[in-house]
Structure formats: structure tokens, C-alpha cells
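> What follows is a predicted protein model with its sequence.
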Amino acid sequence: MSRFSARVEAISISGIREVFEAAGEDAINLGLGQPDFPTPDHARRAAVDAIEAGEVDAYTSNKGTRELREAIAAKHARDGQSVDPEDVIATAGGSEALHLAMEAHVEPGDEVLIPDPGFVAYDALTKLAGGTPVPVELREDLTLDPAAVEAAITDETAAFVVCSPANPTGAVQSPADMREFARIADEHDVLCLSDEVYEQIVFDGEHRSPMEFGENVAVVNACSKTYSMTGWRLGWVTSTTDRIERMLRVHQYVQACASAPAQYAAEAALSGPQDVIDEMVGAFAERRDVLLDGLADMGLETPTPSGAFYAMPRVPEGWVDAVIDRGVVVVPGEAFGANGAGHARISYAVSVETLKEALEAMRAATRATR
Ligand SMILES: Cc1ncc(COP(=O)(O)O)c(C=O)c1O
């Protein structure tokens, strides 16, 4: 008998971490997947008040407090989507929500179609559920082509993952694509797992959810990116009642309930003033333009990211190492899948000043590797 499960032996710690470890202590870090803004004061305050009032010492209901789930349903209503608070599970970040969805839907041997390049968790969580990840190549503009997804569906397919705006590409799927994803999920009776954690961070175009167009969809979201609350660990999943009931079985045993103080903070963030989001998105848009101009100046081709806070230029061989050697952390594209090779992921969740400094290192690295 082997000491560890085959499932856990099939995954490893994300390649992103290795890059961080390789970089010096005072490196400029353009590898981070989190906004560089504080959590809104009113969200922090709500958690502090709840702690001081003794309201967070006990488990909440498994799905999360009724008030939080109502605030989540109200957010969906603002976006024109009808969500019953009973069909929501508050989770420990979007990460747990993705895990619940995989565990509840993927059988050993099932296939899960994932975007390549795509967020590192899709591959790992599929394997942990006993499934086989099937990478789907992206279009030239780094969006996921519904036709490519449909062509990759087999009798073994349990689910396909859509992430828009996307990590690591910043690409935003069109409303027409989202409608297609919903149709494909319904027609082939597979789950469309829609990761919408960056939904509010859109510069061009608009975010629409496949949930608006079909039944076979589970939506994963979180306060992490929208309200700069990555450390609070608060996300959610919403789907049809039968799917939520299955995901709740997993959640109940692995988590019991999301952290109570974080639930109070999230409720306040979701129901309080939303202008904090506009300020953050405005700052990201400015930084994106600085980065894209700089990369274009160096002659690096970068599909224009329409959302999130990542760009993915095509880079010469050795470029990532040359940039890291010059004190700037960027992540090699292959950390996100085989098709990421030849690209780098650059996160621009840093000030314009820092970005300009980093661009100088990238310019030197480009000269050295061309
Ligand atoms: C696409 C995507 N989905 C989900 C997550 C997980 O988010 P959370 O911090 O809420 O667990 C991340 C985090 O980087 C992400 O980039």
C-alpha cells in the first residue's frame, strides 16, 4: 500500500510559489494575484462590531448567515440575475467554492475541460476529485472558444470551466460566448463551472454570466478581488437547488461554515457603497495602459486584457528568467498550462511608479534575450 493517495501525488505546489522563492527579498513583485488596496473601512468595521458584540463565537448555519446570503442575492439582483438566498453557500474564498463544485460533480475517470492557459486550481482540483483535466486551447485573443469546448466534449465530460475576466490572461468573454457556453452545458448535459471572481474588474465590454442563459451552471464568486479581501477568505457558490444541496454535503464536512467574522465583513462590503470598486477599476485601467504602452514600446505583442489585473505578453525564450534576474517577479506562462509557454503573466496590482520601474527591467531583459 502506498503511503499517500494517488490523487494527492498527482498535484504539486503551484509553480507561482517557486518563482516567488527564486526572487530576491526586495524584488518588485508582479506575480501577485491580489489587489493592492485596503479592504473598505465599512467592511472591516462590520467584522469588528460583530466580534465585539459576541456575534461570531459560534458556527453560523452551514450555508452562511441568512443576512449574508440575502446580500449576495441582492448583488445578483443588481446584475439582473435572480438568485434565491437558499441556493447560495458562503465558502472559504472562491477556492473552496471551486473545490465543492468539483467534488460534487466529478467522478473518478470523468473529464473536466479547462482553459489552457488557465487558473492553476482547475487542473489540481479536477485531479483531487479523481477526474482528468482536459486542456482547451484559447483563441489568438486568449478568450475561450465555445466551439473548441463543444468539440472537446466526450461521454466522459462532467464539466467545463469558464473564467471571465480570466486569470492569467485578463481576457473577457463576450455575452454571445456566455450564451453559447450555457447552451452547450444544457445541450450536452454537462456542468458549466463559471468562475466570476474578477467580474467587477472590466475595462472594455461587459461581464455577463452563463447563469443568465441556462440551467446547467454553477457560479463561483468571492469578495477577494472585488473588495480587496483576499485575506478574509470569503466567497460563494450559487447554482440550482439540487446542485447546491450536493455541494452543501461537501461543505458541511470540510468546512462546516465560512468564518463568521468574514461573513459579517462580506455582508457589509456587498450591501455598502460600491464606489470603492469604481476607484479600484479606474486605477487598474490606468496601470494597464501604462503596462501595455511599455510592452508595445519594447516590441512585445500583448493581447489587450479587457479585465482583471493581468496581462500576458508573448515573450522571447529566457525572458522570464532575465526579468527575474533584474529584480522583477513575473510568472512564466507554462505555470498555467502547456499552451502558456512563450508567454509571461504580469500582474499590475502595483502603483504606476512601481510599474514604470519594473518596465525598465523588462526593457533590459528584452534587449538581452532578443
Ligand atoms: C480565477 C480565480 N479563481 C479563483 C480564485 C480564488 O480566489 P479566493 O482567494 O477567493 O479563494 C483566484 C485567486 O487568485 C483566481 O484567480
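Here it is on my side, so go on.
> OK, contacts around residue 16?
Residues near residue 16 by Cβ atoms under 8 Å, 6 or more residues apart in numbering: 31, 33, 120, 331, 335. C-betas here are computed from N, CA, C, even on glycine.
> nope, residue 314 is what I was after
Residue 314 touches 300-302, 342-343, counting by Cβ under 8 Å, 6+ apart.
> Taking those residues, tell me the two that lie furthest apart.
Based on Cβ to Cβ, the longest span within the contacts of residue 314 runs between 302 and 342 and measures 12.5 Å.
> The closest residue to the ligand within the stretch 51-200 of the chain: what's it in contact with?
Taking Cβ to the nearest ligand atom as the measure, the stretch 51-200 of the chain has residue 93 as its residue closest to the ligand, at 2.7 Å. Residue 93 makes contact with 222, 224, 230, 233-235, according to Cβ under 8 Å, 6+ apart.
> follow-up on the earlier one: residue 302 and residue 342: which has the busier surroundings?
Taking neighbours as other Cβ atoms under 10 Å, residue 302 and residue 342 compare with residue 302 leading, 22 against 14.
> For the closest residue to the more buried one other than its chain neighbours, list the residues it contacts.
Sequence neighbours aside, residue 313 is the residue nearest to residue 302 in space, at 4.0 Å (criterion: Cβ to Cβ, 6 or more residues apart in numbering). Residues near residue 313 by Cβ under 8 Å, 6+ apart: 295, 300-302, 343-344, 346.
> Just the pLDDT for residue 313.
On the pLDDT scale, residue 313 is placed at 98.
> does the residue nearest the centre of the chain count as helix, strand or coil?
Among the residues of the chain, the one closest to the centroid is residue 197, at 5.0 Å (Cα atoms, centre = their mean). Secondary structure, DSSP: H, G, I helix; E, B strand; the rest coil: residue 197 is coil.
> ok so, going back, distance-wise, check the residue nearest to residue 302 relative to residue 36.
Distance of residue 313 to residue 36, given as Cβ to Cβ, to the nearest Å: 21 Å.
> and which of the contacts of residue 314 is nearest the ligand?
Nearest member of those to the ligand, counting by Cβ to the nearest ligand atom, is residue 343, at 16.3 Å.
> Nearest residue to that closest one in space, please, no chain neighbours.
Counting by Cβ to Cβ, 6+ apart, the residue nearest residue 343 is residue 333, at 3.2 Å.
> Give me the helices and strands touching the host helix or strand of residue 250, please.
Per DSSP states H and E: residue 250 is located in helix 241-254. Helix 241-254 sits against strand 88-91, helix 93-105, strand 235-238, with contacts defined as 3 or more Cβ pairs under 8 Å, 6 or more residues apart in numbering; DSSP states H and E.
> Can you pull the residues of the stretch 1-150 of the chain lying near the ligand?
By Cβ under 6 Å from any ligand atom, the part of the stretch 1-150 of the chain that sits against the ligand consists of 33, 93-95, 119.
> average pLDDT for stretch 352-370?
97.
> Grab the nearest non-local neighbour of residue 226.
Distances taken as Cβ to Cβ, 6+ apart place residue 200 nearest to residue 226, at 4.6 Å, with adjacent residues excluded.
> where does the one you found fall, phi/psi-wise?
Torsion angles at residue 200 (phi, psi; degrees, to the nearest 10) stand at phi -80, psi -10.
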